[in-house]
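S.K.: model this:
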Amino acid sequence: MLPRLESRQQKTAKRFLLMLPLVFILLGFVFSVNKLAADELEELTQRIASVREEQRKLSEELDKISKNLKFTENQVSQISARVETTKKNIASIEAALADRQEKLGKQIEIRNKRVRSLYKKSNVNPLQFLFGSESPSQGAAEFVYEFSTLEQTKGFIQSLNKEIGDFEQNKRELEATKKDLENNLAKLNSLRTQLAVSKTETSSRLSSVETELKNLTSRQQTLLAEKFGSFSTSVGEVPPSEDDQHLVNPGFTPAFAAFSFGAPHRVGMSQYGAFGRSKAGQSAETILTSYYASARVEKNYPVPGSISVIGYGTIAFEDLYLKGIGEMPSEWGDPANAGFEALKAQAIAARTYALAVIKGGGAICATESCQVYLGYNKGGFWEQAVNATRGWVILDNASGEPITAWYASTAGGFTRSSADSFGKATTWATGIKDVSAAGAWPTDTFEGSRYARSPWFYKAWYKPRNKSGSRSHAWLTQDEIADIVNSTLLFGRDTSTQTHLSQTDKPNPDTWSVGQVRSELQNRGGDPINQVSDIPPPVYSNVGFTNQISFVTDKGIKTFSGSDFRAIFDLRAPGEIHLTSSLYNIERK
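M.R.: Numbering: from 1, shown residues only. Below is the predicted model:
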């Protein structure tokens, strides 16, 4: 019996040993899935936070516009009343002028008669004049009377002339005032019209944002998280691989793809922008003060000797922590690449960011949630950059404190303000147009083909970062792009339909099919399109957003706000196709 029992134990032990690797694999998979879910939720949380911040800003903007509009309308009302009063005053003066001019004419006629009469009498011999009367005294009295009456008439004429002159001067002044008031009134009316239009547009945008936030179902949030996945915000130790979708042959025509400028948050220093600026001959200090407004580089800042890093304990700040930061490829510092000043700028930004995080005695994490610490000295050009900038820190000009020196891989030629992305307004992360002096966007950007050649500067995203996707390219068919346009048209007519506008190639019981979207659009008075024949260039804002996107269709030109189309595109586009940036373009192949 013992041998048999031993055999069972051995078999059980063998089976356990055989299953043990599988157990570890499954546990690893569970941990991996949990991490993936956490990363996706983090990305989604950022997206929702961004939408909420946009909602807050739009509410403030709408309130400001409404107040300005009310003030302008009051000004219009007041000036309109002044114009009417001035018109009445001018009419009153014109009537008085007419009366004075009539009186003046009569007095001039009287004066002329008396002058002639006096002239005749003055030509007579005074003795005849005196003795020709009933008495000498009467003759003298008549002469004096005639003369004094003439003087009175002259005085009255002078008085009338002065009154007329005064009235005419007042009239000229009132007419000048009236002209100024009417000019101001025209300007105010124009401003009132602009404010009214702006109020309508802002109200519409606010409504769209509120609807997007309200109508994102839990399943839609999950699908969006699958699309965005775990996204690396910085270059990292190895630059992102090239993936030029322009060269892809999708196997059908026409084909349409959405290209994003930059990814993802675009706040603070652009790493590829710093690389391009270094290639253009800029120093680390110039690079940093370009990206961080109202800040300066202090070269003798008293940095701590050690820092607390989560997972690593307390380690040397300069010689261990900073030399182990994995946020920029060390080979950029090779003279052949001309990027050593970019490495120096990155070292200063990393040092400053760490000081801002640990302010007050805290610890810093070693992942992208803070900045990546590899756990070892990278050496090479990176170590040289850290040594060359030892003690260099970016300080806020106002407070003299280290700033939160955000940075990311690529900004698409425009960095965004911290208020736009994180809901936290700062004086140093206000957003810039990242182009060379007197240059134009996008041709003269430091990240683009002229300098750094970032593969993320203009890219079509069809799979989550560092993951496989369900499609081999980013190109959409005619039917797919027409469905997205119809979905956006439907959303424009009824924002509550957003809950039904998820992609149709992944399970979601609330999703409407292509045909149902067309029917629902028709039910709401819309006219579904069948084909997109051309895509005009988008209308871009001067601060790095796609304001407006249009499509030439078989039912005319359809135009959407950039934010509305992006929201529906990310929900409706198949597979993992998505836009990582609010600055984007749609191309036709």
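S.K.: now do the helices in the stretch 451-589 of the chain.
M.R.: Secondary structure of the stretch 451-589 of the chain (DSSP state H, counting those that start in this stretch): helices at 478-493, 514-523, 562-572.
S.K.: quick one, the last one and helix 514-523 angle?
M.R.: Note on geometry: by axes from the mean of the first three to the mean of the last three CA atoms, to 10 degrees, helix 562-572 and helix 514-523 are set 140 degrees apart in direction.
S.K.: again, but for the first one
M.R.: Here helix 478-493 runs at an angle of 40 degrees relative to helix 514-523 (the same axes, to 10 degrees).
S.K.: got a list of contacts for helix 478-493?
M.R.: With contact meaning CB atoms under 8 Å, 6 or more residues apart in numbering, helix 478-493 is reached by 254, 256, 476, 497-498, 501, 504, 514, 517-518, 520-521, 524-526, 528-532, 551, 553, 558, 560, 564-565, 567-569, 571-574. Bear in mind the C-beta positions are built from the backbone N, C-alpha and C, glycine included.
S.K.: buried ones among these?
M.R.: If you count burial by 16 or more other CB atoms under 10 Å, the buried members of these come out as 254, 256, 476, 497-498, 501, 504, 514, 517-518, 520-521, 526, 528-529, 532, 551, 553, 558, 560, 564-565, 567-569, 571-574.
S.K.: hang on, the earlier thing: turn the helices of the stretch 451-589 of the chain into a markdown table, columns for distance to Gly262 and mean pLDDT.
M.R.: Listed next are the helices of the stretch 451-589 of the chain as a markdown table, based on distance: least, CB to CB, whole Å; pLDDT from 0 to 100:
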| stretch | distance to Gly262 | mean pLDDT |
| --- | --- | --- |
| helix 478-493 | 22 | 97 |
| helix 514-523 | 31 | 98 |
| helix 562-572 | 14 | 94 |
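S.K.: out of those helices, the one nearest Gly313 is which?
M.R.: Closest to Gly313 of the helices of the stretch 451-589 of the chain is helix 562-572 (CB to CB; 41.2 Å).
S.K.: for the closest one, name the packing helices and strands.
M.R.: With contacts taken as 3 or more CB pairs under 8 Å, 6 or more residues apart in numbering; DSSP states H and E, helix 562-572 sits against helix 136-215, helix 218-228, helix 478-493, strand 546-553.
S.K.: one more pass at 6 Å, please.
M.R.: Packing contacts for helix 562-572, counted by 3 or more CB pairs under 6 Å, 6 or more residues apart in numbering; DSSP states H and E, involve helix 478-493, strand 546-553.
S.K.: just the ones you listed: most buried one?
M.R.: Scoring the helices and strands packed on helix 562-572 by mean neighbour count under mean count of other CB atoms under 10 Å gives helix 478-493 as the most buried, with a mean of 22.
S.K.: quick one, it and strand 546-553 angle?
M.R.: Using the same axes, to 10 degrees: helix 478-493 against strand 546-553 is 120 degrees.
S.K.: how far away is the closest residue to Arg518 other than its chain neighbours from Phe414?
M.R.: In this structure, Arg518 finds its nearest non-sequential neighbour in Pro528, 4.2 Å apart by CB to CB, 6 or more residues apart in numbering. Between Pro528 and Phe414 the computed distance is 35 Å (CB to CB, to the nearest Å).
S.K.: between the helices and strands packed on helix 562-572, which gets nearest to Ile315?
M.R.: strand 546-553 (44.0 Å).
S.K.: paired strands for that closest one, with orientation please.
M.R.: strand 532-534 (antiparallel), strand 539-540 (antiparallel), strand 556-561 (antiparallel) (DSSP bridges).
S.K.: I figured Trp461 was touching Ser581, is that so?
M.R.: No: here Trp461 does not reach Ser581: they are 9.2 Å apart, not a contact under CB atoms under 6 Å.
S.K.: how is this structure carved up into domains?
M.R.: Here the domain parsing of the chain from automatic domain parsing is 2-215, 218-261+461-588, 269-422.
S.K.: return the most buried member of these.
M.R.: With a mean of 20, the top stretch among those by mean neighbour count (mean count of other CB under 10 Å) is domain 269-422.
S.K.: flag whichever of the domains of the chain has the least confidence on average.
M.R.: Among these, domain 2-215 carries the lowest mean pLDDT, a mean of 62.
S.K.: right, so of the strands paired with strand 546-553, which gets closest to Thr445?
M.R.: Judging those by CB to CB, what sits closest to Thr445 is strand 539-540, at 12.9 Å.
S.K.: show residues contacting that closest one.
M.R.: Applying CB atoms under 6 Å, 6 or more residues apart in numbering, the external contacts of strand 539-540 come out as 546-548.
S.K.: on that earlier part again, who wins for proximity to Gly324 among the helices of the stretch 451-589 of the chain?
M.R.: helix 562-572 (35.9 Å).
S.K.: the inter-axis angle of that closest one versus helix 218-228?
M.R.: 90 degrees.
S.K.: output helix 562-572 as CSV, nothing but the C-alphas.
M.R.: The C-alpha trace of helix 562-572 is given here as CSV (Å, rounded to 0.1, in the frame of the first residue of the first chain):
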residue,chain,number,x,y,z
GLY,A,562,-13.4,70.9,-34.1
SER,A,563,-14.3,69.7,-30.5
ASP,A,564,-17.7,68.2,-31.6
PHE,A,565,-16.2,66.2,-34.5
ARG,A,566,-13.3,65.0,-32.4
ALA,A,567,-15.6,63.8,-29.6
ILE,A,568,-17.8,61.8,-32.0
PHE,A,569,-14.8,60.6,-34.1
ASP,A,570,-13.1,59.1,-31.0
LEU,A,571,-16.4,57.3,-30.0
ARG,A,572,-17.4,56.1,-33.5
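S.K.: thanks a lot, see you next time.
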